[in-house]
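Undergrad: Just a sequence and a predicted model for now, questions to come.
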Amino acid sequence: MKMTFRWFGPDDPVTLAYIRQIPGMYGIVSAIYDVPVGETWPLAKITELRDTVHAAGLALDVIESVPVHEDIKLGKPSRDALIANYAQTLRHLGAAGIKVVCYNFMPVFDWMRTTLEKRLPDGSTTLAFDVDTVANINPDDGIQLPGWDTSYDAGQLRALLAEYASCDEARLWENLEYFLQRIIPVAEEAGIRMAIHPDDPPRPIFGLPRIVKNREDLERVLAIVDSPANALTLCSGSLGADTANDVAAMVREFTARGRIPFAHMRNVKVNDKGDFHETAHRSADGSLDMAAIMQAYSDADYTGYIRPDHGRMIWGETGKPGYGLYDRALGAVYLNGLWEGIRRAKGVA
Ligand code: DNO
């Protein structure tokens, strides 16, 4: 297992020097943030990022994310040119030594929360999602929710949602198939494993289709192209926000098939309705048995990348919600501790 940490580039107040001081830290997960979605990432920008990370004593093997343009998800005629750009980005990433590319296929919204500052009894704040709040929003009136960054204004958002009116789940699956059939051969040649991130939360929102929500969906994605390069970012917190999902069982199944190059570890407190908030990583703090999930990775002798996903805001830290230093660092140390204990008990560390 290789422990990694997300870094948002030179403007991130969480510096590479701080990240390196977290015990057991192998590398960074990052991206190029100043190239518009749909354009090719220049090789020079990628090698500069890699060299910066390496100079700080950390590896850069994983990119999160190379975003997929909405026209590709919608299957518009412009998709071929956009897929060609995406393919070229993968070639550049491969040339720079990148091994894994995380991406998602969620229409319009990436992850979505209804509040970024739910206060927990211990005084910390955290991200939360409330099913009724979202159900009561009429997207035509504009969506004022904090849980997503976007460059769309209200009018553009309305237009985009209107385009998705004719894109149901079946169509979205077709468009994912079209994308993967063209991208996976390029990834194979570039030495890259594409790792799809599940939908977060794992449910339709605002009438938009969502197709990566559970075990069956993951299985179906992998079947589109049966190649190690067509793989998963197994996100415990996203999948675990549906109590019907057994995350440890998914880890067992898909590691056995060699299809999890990258894992996000996050705990959530969830109810059967689908409301949830993010908690500290420890099993006792949330609904997910994090120890059982790490045990599943250990039983597979997992050698892929893991990162602590979001953390709470603690100790007065301010900044990008979910992405402060302190609670994510505690998460990394907790996960490393679990791993050491589990490996020792097995007699392999
Ligand atoms: C949220 C992240 C997601 C993730 C993308 C992957 O914090 O887990 O934004 O990076 O969905 O494409």
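TA: All right, it came through fine. Numbering: from 1, shown residues only.
Undergrad: Contacts only, for the residue nearest the centre of the chain.
TA: Note on the chain: the residue nearest the mean C-alpha position is residue 197, at 4.8 Å, using CA atoms, centre = their mean. Each residue near residue 197 by CB atoms under 8 Å, 6 or more residues apart in numbering is listed here: 64-65, 102-104, 212, 233, 235, 238, 264. (Glycine included, C-beta is placed from N, CA and C.)
Undergrad: That one and the ligand: what is the separation?
TA: From residue 197 over to the ligand the distance is 4 Å, taken as CB to the nearest ligand atom, to the nearest Å.
Undergrad: got it, and residue 295?
TA: Distance of residue 295 to the ligand, given as CB to the nearest ligand atom: 23 Å.
Undergrad: for the ligand, what are the nearby residues on the stretch 201-349 of the chain?
TA: Within the stretch 201-349 of the chain, the positions adjacent to the ligand are 264, 310, 322 by CB under 6 Å from any ligand atom.
Undergrad: List the contacts of the second one.
TA: Listed by CB under 8 Å, 6+ apart, the contact set of residue 310 reads 127, 237, 266, 278, 322-323, 328.
Undergrad: Could you give the backbone dihedrals for the closest residue to residue 230 other than its chain neighbours?
TA: Distance criterion CB to CB, 6 or more residues apart in numbering; nearest residue to residue 230, sequence neighbours excluded, is residue 184 at 4.9 Å. The phi and psi torsions at residue 184 (degrees, to the nearest 10) take the values phi -60, psi -40.
Undergrad: give me every residue that touches residue 184.
TA: When contacts are counted by CB under 8 Å, 6+ apart, residue 184 touches 194, 225, 227, 229-230.
Undergrad: Take these and keep only those in strands.
TA: 194, 230 (DSSP state E).
Undergrad: now, which of the contacts of residue 184 sits nearest residue 71?
TA: The nearest member of these to residue 71, counting by CB to CB, is residue 194 at 18.7 Å.
Undergrad: how much space between that closest one and the ligand?
TA: 11 Å.
Undergrad: which element is the closest residue to that residue other than its chain neighbours on?
TA: Using CB to CB, 6+ apart and skipping the chain neighbours, the partner closest in space to residue 194 is residue 187 (5.0 Å). Following DSSP states H and E, one finds residue 187 within helix 169-190.
Undergrad: What of residue 221?
TA: helix 215-224.
Undergrad: Can you name every helix or strand that that helix contacts?
TA: Helices and strands touching helix 215-224, by 3 or more CB pairs under 8 Å, 6 or more residues apart in numbering; DSSP states H and E, are helix 169-190, strand 230-235, helix 247-256.
Undergrad: what angle do the first one and strand 230-235 make?
TA: Going back to what we said before, that points to helix 169-190. 110 degrees (axes from the mean of the first three to the mean of the last three CA atoms, to 10 degrees).
Undergrad: May I see the buried residues of helix 169-190?
TA: Buried residues in helix 169-190, counting neighbours by 16 or more other CB atoms under 10 Å, are found at 172-173, 175-176, 178-180, 182-184, 186-188, 190.
Undergrad: can the residues you listed go into JSON lines with extra columns for pLDDT and distance to the ligand?
TA: Converted to JSON lines, these look like this (pLDDT from 0 to 100; distance: CB to the nearest ligand atom, whole Å):
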{"residue": "172", "pLDDT": "97", "distance to the ligand": "16"}
{"residue": "173", "pLDDT": "98", "distance to the ligand": "18"}
{"residue": "175", "pLDDT": "98", "distance to the ligand": "16"}
{"residue": "176", "pLDDT": "98", "distance to the ligand": "13"}
{"residue": "178", "pLDDT": "98", "distance to the ligand": "19"}
{"residue": "179", "pLDDT": "98", "distance to the ligand": "14"}
{"residue": "180", "pLDDT": "98", "distance to the ligand": "15"}
{"residue": "182", "pLDDT": "98", "distance to the ligand": "19"}
{"residue": "183", "pLDDT": "98", "distance to the ligand": "14"}
{"residue": "184", "pLDDT": "98", "distance to the ligand": "17"}
{"residue": "186", "pLDDT": "98", "distance to the ligand": "18"}
{"residue": "187", "pLDDT": "98", "distance to the ligand": "15"}
{"residue": "188", "pLDDT": "98", "distance to the ligand": "20"}
{"residue": "190", "pLDDT": "98", "distance to the ligand": "18"}
